[in-house]
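Undergrad: sequence? don't have it. structure:
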């Protein structure tokens with residue numbers, strides 16, 4: 001099974017310079033940096049490391065992932081963010097798990113028995129666990145983390161389940177539709193280190209409102 005790693009970026013030059021050099025490109029068949037018009041040297045830094053950089057047409061990480069899917073030439077697509085929250089050693093673990101179990105989705109969980117997050121505060125930790133609980137209750141899931149974007153998914157599955165959400169709601173929508181449609185999902189307990197460089201783009205109360213609305217909408221309009 002082939003894998004493309006899609007790396008969304010938007011002014012992440014610090015992470016690109018520190019994290020991307022540690023990646024072993026033999027881990028995957030294709031690597032794509034989907035950039036959201038960075039102006040801090042992110043593009044130049046990625047190209048200097050021989051990563052293929054494509055300028056996205058839409059705005060935000062969710063559109064970067066959707067466009068990355070369209071540019072990929074592999075059966076599976078893995079999403080990796082170079083902001084420090086995603087540990088690089090999980091890339092081969094995700095790919096291996098995907099290939100061993102022929103799963104539809106394999107994702108890192110911060111809230112499984114052996115998972116942890118150094119990036120959460122009390123508010124975001126409560127929110128992450130609450131929304132995971134709601135996704136499981138409303139849609140029959142068995143997830144321990146419904147909002148972390150560190151995952152690998154079959155390209156055809158991503159395209160078939162009509163993922164139209166924006167921002168962090170895309171991650172929840174994948175979890176919702178995985179549960180709705182009974183997709184074969186595996187979780188790997190993992191750690192989320194603190195962010196490095198750039199700015200945190202998530203505003204808790206606004207994001208929480210969007211996630212709540214999405215749960216109601218997806219429940220009413222099931223298909």
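TA: Yep, that arrived. Since the structure is predicted, the reported quantities are computational estimates derived from the model, not experimental observations. Numbers count the residues shown, from 1 in each chain.
Undergrad: quick one, phi/psi of residue 204?
TA: Main-chain torsions, residue 204, degrees, to the nearest 10: phi -50, psi -50.
Undergrad: against residue 121, how distant is residue 144?
TA: 19 Å (CB to CB, to the nearest Å). All C-beta spots, glycine's among them, are computed from the backbone N, C-alpha and C.
Undergrad: quick one: which of the two has more around it?
TA: residue 144 (18 against 10; other CB atoms under 10 Å).
Undergrad: tell me the secondary structure at that one.
TA: coil (DSSP: H, G, I helix; E, B strand; the rest coil).
Undergrad: give me every residue that touches it.
TA: 109, 111, 112, 115, 132, 187, 189 (CB atoms under 8 Å, 6 or more residues apart in numbering).
Undergrad: can you verify residue 53 is assigned to a helix?
TA: No: using three-state DSSP, the assignment for residue 53 is strand, not a helix.
Undergrad: that one: how many residues sit nearby?
TA: 17.
Undergrad: the one 10 residues further on too?
TA: Using other CB under 10 Å as the criterion, residue 63 is surrounded by 18 other residues.
Undergrad: sketch out the low-pLDDT regions of this protein for me.
TA: The chain contains residues with pLDDT under 70 at 197-202.
Undergrad: what segments of it are helices?
TA: 13-19, 42-48, 61-71, 90-101, 122-139, 155-160, 169-180, 204-220 (DSSP state H).
Undergrad: want to try TSV for those, with distance to residue 55 as columns?
TA: Below are the helices of the chain laid out as TSV (distance: least, CB to CB, whole Å):
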stretch	distance to residue 55
helix 13-19	15
helix 42-48	8
helix 61-71	9
helix 90-101	24
helix 122-139	30
helix 155-160	21
helix 169-180	20
helix 204-220	26
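Undergrad: out of these, nearest to residue 28?
TA: helix 90-101 (6.7 Å; CB to CB).
Undergrad: what does the closest one contact?
TA: Contacts of helix 90-101 (CB under 8 Å, 6+ apart): 1, 3, 5, 23-24, 27-28, 76, 78, 80, 103, 106-108, 150-152, 184, 186, 188, 190.
Undergrad: again, only this time at 7 Å
TA: 1, 3, 5, 27-28, 76, 78, 80, 106, 108, 150, 152, 186, 188, 190 (CB atoms under 7 Å, 6 or more residues apart in numbering).
Undergrad: most tightly surrounded among the helices of the chain?
TA: helix 169-180 (a mean of 23; mean count of other CB atoms under 10 Å).
Undergrad: elements contacting it?
TA: Under the contact criterion of 3 or more CB pairs under 7 Å, 6 or more residues apart in numbering; DSSP states H and E, helix 169-180 touches helix 122-139, helix 204-220.
Undergrad: turn these into CSV, including distance to residue 35.
TA: Below are these laid out as CSV (distance: least, CB to CB, whole Å):
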stretch, distance to residue 35
helix 122-139, 26
helix 204-220, 23
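Undergrad: returning to that earlier point: the contacts of helix 90-101 in strands, which ones?
TA: 3, 5, 76, 78, 106, 108, 152, 186, 188 (DSSP state E).
Undergrad: list the contacts of the third one.
TA: Taking CB under 7 Å, 6+ apart as the definition of contact, the neighbours of residue 76 are 1, 2, 3, 98, 152, 153, 154, 155.
Undergrad: most widely separated two among those residues?
TA: Pairwise across those, and taking CB to CB, the largest span is found between 2 and 153, at 13.5 Å.
Undergrad: neighbour-wise, which of the two wins?
TA: Taking neighbours as other CB under 10 Å, residue 2 and residue 153 compare with residue 153 leading, 27 against 14.
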